[in-house]
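**Q** Here is my input, please return the structure:
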Amino acid sequence: MRLLILLIYLCFGPCCLALDDDDTAQLQVVKKWIAHRSSVTSVHASFVQERHLKALKRPIISTGKLWFKEPRLFRWEIGSPAESIAISKNGTFLMVRPIKKSAEIHSDEGIQKNRRSPALMFFEAGFPNDYNEFIKMFTVTDVTRRGGHFVVSLKVNDRRTSLALRKIIFEMNSKTYITESMEMRFRDTSSIKTRFKDVHENGNFSDDLFDFDLTGFVVKDVD
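**A** Numbers count the residues shown, from 1 in each chain. Below is the predicted model of the structure:
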């Protein structure tokens, strides 16, 4: 699977138990998490996203919904009615601004060229379902337990991506291994944290969700 942010769909306890001194325990947590991810073929969830930007004193808080379906179908909406819609389908990434009647179409090659854009990095890096592939892409820097949750901190191994993205932090339920939040911390001190709720896994929904009628829209192809 490609799509980082998203496949990552889905709170905090007062006490934090470090697992750093037990490499076996850390490894088992990560492997069980990946095993759960590999069993999921579709997801529908809602989310709350909190963006911290160094130029702003207060975070920007948005709500939205997401849908994911194997093998490469993804839809992410922010706002109600939607102010921004991102759709990834079979190697093409579509960003739609319904209110402005505008849209951008990005190819895989275009996304590679725009690695430094945080928005595109959300959809670029990918999240593997196999542990051996996982450790090629990420380095686990910390695993802790907070109440009924595990918190896993990762570093992206790709050098160019890591120039902008400092770390990714996932929080998951310690019993079900469902991801409940994801935080991306950038080197410019900005961050994006997304908390997921109302998660429905392996449900049925139409592929039509991953299409969008662009009639009347100003469409830009981005290389």
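**Q** Just say helix, strand or coil for residue 104.
**A** strand (DSSP: H, G, I helix; E, B strand; the rest coil).
**Q** Now do the contacts for it.
**A** If you count contacts by Cβ atoms under 8 Å, 6 or more residues apart in numbering, residue 104 has them with 94, 95, 219, 220, 221, 222. C-beta here means a position set from N, CA and C on the backbone, and glycine is covered the same way.
**Q** Which residue ranges of this protein form helices?
**A** With DSSP state H applied, the chain shows helices at 4-7, 23-38, 108-113, 118-124, 131-137, 159-162, listed in chain order.
**Q** one step back: quick one: buried ones out of the contacts of residue 104?
**A** Buried subset of the contacts of residue 104 (neighbour count, 16 or more other Cβ atoms under 10 Å): 94, 95.
**Q** Tell me which two in the contacts of residue 104 are the farthest apart.
**A** 95 and 221 (11.7 Å; Cβ to Cβ).
**Q** if we take the contacts of residue 104, which one ends up nearest to residue 163?
**A** Here the nearest of the contacts of residue 104 to residue 163, counting by Cβ to Cβ, is residue 222; it sits at 20.9 Å.
**Q** This structure: strands as residue ranges?
**A** 16-18, 42-52, 60-69, 73-78, 84-89, 92-97, 102-107, 138-146, 149-156, 165-173, 179-186, 191-201, 218-222 (DSSP state E).
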